[in-house]
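> I need the structure of the sequence given here:
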Amino acid sequence: MPIILIFFILFIIWVNVKTKRGATDNSKWDTSYWEKEREANFVRKKDISNLDYITISEDELPFSDTAGGEEKYRQDEVRRTLSCKILNLSGMSNADIKLAYGTANFPELSMYDQNYILLIRNLGLWGSYLHHNCEGQDTRAKIILERALSLGSDIKDTYVSLAEIYLAEHHPEKVQELIRQVEASDFDLKDSLLRALNELLPD
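Numbers count the residues shown, from 1 in each chain. Here you go, the predicted structure:
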């Protein structure tokens, strides 16, 4: 699939998620929602230079110079994203972003937020690949998956793969801690994730 098409699909998904988060009373046709959207379109540009940008040194992640295939692809994607500006705006709707930072900043901030989504997605896929396909690589996989969660990832497979590693290391209490973290979150797929984690625990 051409890379441009992939980015286009991700952008459409991102816009849909942000729009849904801006709707109130489970209806995007709510009057207050559209009033908020209208107001947001007239907010002046604000300084965004001091926002809480995500910065990660490559030394923090267990890159391999001999990686090939899927692992190399995920490593390259992570490296590419780390060279860009990254900002987690997952709790904000499109209108929230415009109201907070100005309409003129919206395209730039949306790109930074997409970089965040790409980062946690590729960290999760990289770590999960090592866990499921590369014998003896769970130590590296754990570092990668834990880093993804520290950034606020809500991806189910990231949590499940990390929980499987914890159980293989005989640390069910760490899976319980993951469950408590999810319970305290506002993840969209919170219930599904909790079920998956609880099903892994021994009776």
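> Name the residues of the biggest helix by length in the chain that are buried.
Secondary structure of the chain read by DSSP state H shows that its longest helix is helix 106-133. For helix 106-133, the neighbour count (16 or more other C-beta atoms under 10 Å) marks 106, 109-110, 112-131 as buried. From N, CA and C alone the C-beta is placed, and that goes for glycine too.
> what about stretch 182-198, average pLDDT?
Averaging pLDDT along stretch 182-198 gives 95.
> And it, what's buried?
Quick answer for stretch 182-198 (16+ other C-beta under 10 Å): 182, 187, 193-194, 196-197.
> can you give me how far that stretch is from the chain middle?
Here stretch 182-198 is found 15 Å from its chain centre; the criterion is C-alpha atoms, centre = their mean, to the nearest Å.
> Give me the residues contacting it.
Defining contact as C-beta atoms under 8 Å, 6 or more residues apart in numbering, one finds that stretch 182-198 is touched by 91, 154, 156, 159-160, 163, 175, 178-179.
> Heading C-terminal from the longest helix of the chain, find the next helix or strand.
Later in the chain than helix 106-133, the nearest helix or strand by DSSP states H and E is helix 138-150.
> elements contacting that following helix?
On a contact count with 3 or more C-beta pairs under 8 Å, 6 or more residues apart in numbering; DSSP states H and E, helix 138-150 meets helix 106-133, helix 156-168.
> Rebuild those helices as a markdown table, extending it with mean pLDDT and distance to K85.
As requested, the helices and strands packed on helix 138-150 are exported to a markdown table (pLDDT from 0 to 100; distance: least, C-beta to C-beta, whole Å):
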| stretch | mean pLDDT | distance to K85 |
| --- | --- | --- |
| helix 106-133 | 97 | 5 |
| helix 156-168 | 98 | 23 |
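> Need the ones you listed in JSON lines (columns: distance to K45).
Below are the helices and strands packed on helix 138-150 laid out as JSON lines (distance: least, C-beta to C-beta, whole Å):
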{"stretch": "helix 106-133", "distance to K45": "10"}
{"stretch": "helix 156-168", "distance to K45": "35"}
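> For the nearest residue to L200 once chain neighbours are set aside, the count of nearby residues, please.
Spatial nearest neighbour of L200, excluding adjacent residues (C-beta to C-beta, 6 or more residues apart in numbering): A163 at 5.2 Å. Counted with other C-beta atoms under 10 Å, the neighbours of A163 add up to 24.
> do L178 as well
Neighbour tally, L178, other C-beta under 10 Å: 19.
> angle of the host helix or strand of it against helix 138-150?
Counting by DSSP H and E, the element that carries L178 is helix 172-183. Counting by axes from the mean of the first three to the mean of the last three C-alpha atoms, to 10 degrees, helix 172-183 lies at 20 degrees to helix 138-150.
> Compute the inter-axis angle for helix 172-183 and helix 156-168.
Helix 172-183 and helix 156-168 are oriented at 160 degrees to each other (the same axes, to 10 degrees).
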